[in-house]
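>>> Dropping a prediction and its sequence here:
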Amino acid sequence: VQLQACGGGLVQAGGSLRLSCAGFGSILLANGMGWYRQAPGKQRELVARITFGGITNYADTVKGRFTISRDNAKNTVTLQMDSLKPEDTAVYYCNAGRIRSGTYYPLHYWGQGTQVTVSS
């Protein structure tokens, strides 16, 4: 199963971008989806996650600016990114995972990565 991510690009600080990820519907073990990002020289970090029941959670660095949502009928998950900052610059990856007792466990299903660049 290959997740398909799209929507990255170049935007000025304060602007918005919308990322989408399709294809999670056929992953039987997954009960949630997450968006990760990886900046050059840094570890990949989980920035937002959502259960298939709609419960969301965000990293402190993006809370109040990013919104994750899902459309189970269309098998898509969207990350709306507002008030973008230069430090949000990274490659963003969607992932299908398991959420248990509040912890997100990524499964080996990743989107191909989409570049987000925020200029100052």
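Yep, it's here.

>>> quick one: low-confidence ranges for the protein?
Within the chain, the set of residues satisfying pLDDT under 70 comprises 1.

>>> What residues sit buried inside the strand ranked longest in it?
The strand of greatest length in the chain, counted in residues with DSSP state E as the criterion, is given as strand 90-100. Of the residues in strand 90-100, 90, 91, 92, 93, 94, 95, 96, 97, 99 count as buried by neighbour count, 16 or more other Cβ atoms under 10 Å. (C-beta placed from N, C-alpha, C; glycine too.)

>>> hmm, who's touching that strand?
Contacts made with strand 90-100 from outside it, assessed by Cβ atoms under 8 Å, 6 or more residues apart in numbering, are listed as 1, 3, 5, 8, 19, 21, 24, 27, 29-39, 42, 44, 47, 49, 51, 77, 79, 104-107, 109-116.

>>> so what's residue 76 bridging to?
Going by DSSP bridges, residue 76 is paired in beta bridges with residue 22, residue 71.

>>> Can you name the residues that contact the spatially most central residue of the chain?
Compute the mean C-alpha point of the chain, and by Cα atoms, centre = their mean the closest residue is residue 35, 2.1 Å away. For residue 35, the set of contacting residues under the criterion of Cβ under 8 Å, 6+ apart consists of 19, 21, 46-49, 68, 77, 79, 92-95.

>>> can you put those residues in a markdown table and add distance to residue 59?
A markdown table is the format used below for the contacts of residue 35 (distance: Cβ to Cβ, whole Å):
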| residue | distance to residue 59 |
| --- | --- |
| 19 | 15 |
| 21 | 17 |
| 46 | 7 |
| 47 | 5 |
| 48 | 7 |
| 49 | 9 |
| 68 | 11 |
| 77 | 16 |
| 79 | 12 |
| 92 | 13 |
| 93 | 14 |
| 94 | 15 |
| 95 | 14 |
